[in-house]
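Enquirer: sequence isn't available, so here's the structure alone:
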């Protein structure tokens with residue numbers, strides 16, 4: 001697998017030299033700059049990377065010369081201190097100065113790496129320089145390691161061995177390979193182990209298996225989740241709920257019955273609304289008010305206009321059938337007369353849609369069932385649906401979103417599960433400063449040792465008396481468990497203790513289903529509880545998932561980037577599928593604006609070989625570039641372009657062009673991508689179905 005940088009560069013506009021600005025600098029950092037113009041009162045215009053800043057200088061400088069600077073403070077004006085005694089002539093002299101400043105031995109690999117940081121205009125502090133030198137010595141100074149360390153520095157990631165190993169595993173490992181190796185090892189264990197059974201169940205959805213093994217996994221899945229599945233099936237397809245009993249007994253369903261069930265479940269999932277915080281409640285309140293006005297014959301044009309301004313309205317229009325869309329649009333037209341029959345039809349459509357909405361837990365359950373059934377007969381789902389459901393399911397259960405989802409729930413005060421509710425209650429016993437630090441700690445995929453220690457100290461000084469009385473006993477149990485652990489606390493251990501206490505507590509009203517662990521959490525538990533299984537495959541899979549989490553982190557407040565991969569073996573691919581979504585956030589939203597964004601797919605196909613596909617969207621106009629070295633791929637592109645154009649039009653997107661390029665042209669693709677100008681306008685989140 002190519003490393004992170006070769007993948008990202010096709011999309012990232014900052015792939016050549018870091019654009020240093022006042023917002024990216026912090027005190028203590030060292031970097032080079034060219035003095036452009038001198039001003040009175042020891043001020044100067046200085047070129048730092050691709051940006052020009054006005055800085056307050058502590059010593060006199062010569063104009064038009066390069067110097068090595070250290071940032072002493074930031075604010076309205078950046079304050080710089082000159083480190084180099086004389087102007088610098090080249091990167092070699094800069095690296096010599098920096099190594100001397102750091103007090104390190106000047107060896108070839110360190111000097112090469114420092115020159116790389118200087119050429120990329122990546123500033124770093126004295127402490128970061130020491131950590132980088134240590135990692136370079138430990139892991140070696142080859143090109144991939146230098147690029148990885150530079151990326152860690154640029155993204156302000158913790159410069160620790162754990163973070164480096166996680167990102168390195170994400171770069172170099174194939175999830176499919178690690179999953180298959182681990183599955184085979186677990187299958188050899190004859191003794192009953194609920195944790196390993198759950199782990200095997202999760203892993204089986206992302207690999208290939210024989211029909212008999214897939215049938216066995218399906219039977220185990222349905223038996224384990226029977227009460228929950230019956231509850232969900234009775235809601236979404238009550239006429240088909242009896243099929244669960246057949247599966248529990250190990251009986252096979254007829255092809256027609258299976259196909260009908262799959263189609264119905266697929267339709268239900270397609271109709272799920274991507275509600276954000278508060279939107280579900282707003283939709284339900286709207287339905288209640290709409291029903292009252294319909295009964296009273298008092299629906300006004302003002303009410304209709306207000307409906308169209310609601311954030312949930314566009315999401316509703318995306319999932320309902322075309323004929324229903326037309327009916328709703330007709331109803332929304334201003335009218336001087338009330339059409340009660342039409343209003344009741346629209347109300348019925350929306351009430352039915354609301355009744356079909358499932359919680360995220362139920363959606364995961366339905367999607368798991370579909371993928372388990374498809375594994376027994378791979379022709380049940382189309383390639384498109386199989387890919388979409390596998391991607392969605394992997395994002396939900398892999399654990400790569402655990403921290404971000406938990407932190408988001410804490411920030412927005414929308415607690416729905418046990419751990420989130422516990423953390424919210426716990427934070428009422430903290431100071432505001434401590435609460436912010438704990439939120440940051442929870443939201444990080446890989447906190448540093450210092451941050452873990454800081455979090456432990458905060459937990460020790462919680463004022464339990466300020467916590468709601470109903471939660472005080474649970475908090476005390478957690479704190480006692482932490483004291484009894486006899487080890488330095490880290491985030492994973494803390495969350496594990498919380499889960500165990502909540503599961504055992506008589507005062508907890510949380511359902512068992514909400515305590516289900518993600519794949520990563522189960523891997524960590526299995527790694528701790530089964531020393532015989534604590535091998536390279538399990539550890540590397542944990543590291544790969546953690547590396548994926550870390551790679552998804554970003555410093556930018558406006559640009560969003562999500563880069564991840566899913567196992568490719570389920571689709572018959574030799575390597576994993578890698579994807580990247582990037583764009584500016586919509587106004588008043590942290591979601592990618594679907595009218596101005598870019599998407600990249602990286603595939604290794606059996607017949608066509610390595611293939612990269614980039615999709616650039618501006619004002620809903622789509623341009624696609626296909627990077628592949630096969631000579632006859634142009635005819636394939638031309639054959640599928642009309643269908644692609646039609647399907648995009650159905651989603652209100654316009655296909656501009658589809659071009660084919662050689663893989664050697666992907667650097668040129670970066671240049672073209674750099675010309676995309678993002679102008680954020682108010683929209684909802686990116687529609688992954690595109």
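Expert: Everything's here; your move. Because the structure is predicted, anything quoted here is derived from the model rather than measured. Numbers count the residues shown, from 1 in each chain.
Enquirer: please make it C-alpha for all contacts and neighbour counts, starting now.
Expert: Noted.
Enquirer: residue contacts, residue 218?
Expert: Residue 218 is in contact with 247, 369, 372-373, counting by C-alpha atoms under 8 Å, 6 or more residues apart in numbering.
Enquirer: try it again at 7 Å.
Expert: Residue 218 makes contacts with 372-373, as judged by C-alpha atoms under 7 Å, 6 or more residues apart in numbering.
Enquirer: one more: residue 377?
Expert: Per C-alpha under 7 Å, 6+ apart, neighbours of residue 377: none.
Enquirer: quick one: pLDDT of it?
Expert: Confidence at residue 377, expressed as pLDDT, is 83.
Enquirer: next one: residue 685
Expert: Model confidence at residue 685 (pLDDT) stands at 33.
Enquirer: what do you get for residue 128?
Expert: Value for residue 128, per-residue pLDDT: 90.
Enquirer: grab the nearest non-local neighbour of it.
Expert: Among residues not flanking residue 128 along the chain, residue 159 sits closest, at 7.1 Å (C-alpha to C-alpha, 6 or more residues apart in numbering).
Enquirer: so the one you found sits against residue 129, correct?
Expert: No: proximity of residue 159 to residue 129 does not meet the contact threshold set by C-alpha atoms under 7 Å, at 9.5 Å.
Enquirer: out of the two, which sits in the busier spot?
Expert: Set side by side, residue 159 and residue 129 show more neighbours around residue 129, with 23 against 20, by other C-alpha atoms under 10 Å.
Enquirer: for the more buried one, give its distance to residue 104.
Expert: From residue 129 over to residue 104 the distance is 9 Å, taken as C-alpha to C-alpha, to the nearest Å.
Enquirer: based on its surroundings, how many neighbours for residue 341?
Expert: For residue 341, using other C-alpha under 10 Å, the count is 10.
Enquirer: and the strands in the protein, which stretches?
Expert: Taking DSSP state E as the criterion, the chain contains strands spanning 30-39, 43-48, 51-57, 66-73, 78-82, 559-566, 577-585, 592-605, 609-618, 621-627, 654-661.
Enquirer: in a markdown table, list the ones you listed along with mean pLDDT, mean neighbour count and distance to residue 446.
Expert: Shown next, in a markdown table, are the strands of the chain (pLDDT from 0 to 100; neighbours: other C-alpha atoms under 10 Å; distance: least, C-alpha to C-alpha, whole Å):
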| stretch | mean pLDDT | mean neighbour count | distance to residue 446 |
| --- | --- | --- | --- |
| strand 30-39 | 86 | 20 | 25 |
| strand 43-48 | 84 | 20 | 31 |
| strand 51-57 | 81 | 18 | 31 |
| strand 66-73 | 84 | 21 | 27 |
| strand 78-82 | 84 | 20 | 31 |
| strand 559-566 | 80 | 20 | 17 |
| strand 577-585 | 85 | 23 | 21 |
| strand 592-605 | 88 | 23 | 25 |
| strand 609-618 | 92 | 19 | 30 |
| strand 621-627 | 94 | 19 | 34 |
| strand 654-661 | 93 | 16 | 38 |
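Enquirer: out of those strands, nearest to residue 116?
Expert: strand 30-39 (12.1 Å; C-alpha to C-alpha).
Enquirer: returning to what we had before: residues in contact with the residue nearest to residue 128?
Expert: 131-132, 152.
Enquirer: if any of these are buried, put those into a PyMOL selection.
Expert: In PyMOL, this line selects whichever of the contacts of residue 159 come out buried by 16 or more other C-alpha atoms under 10 Å:
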select buried, resi 131+132+152
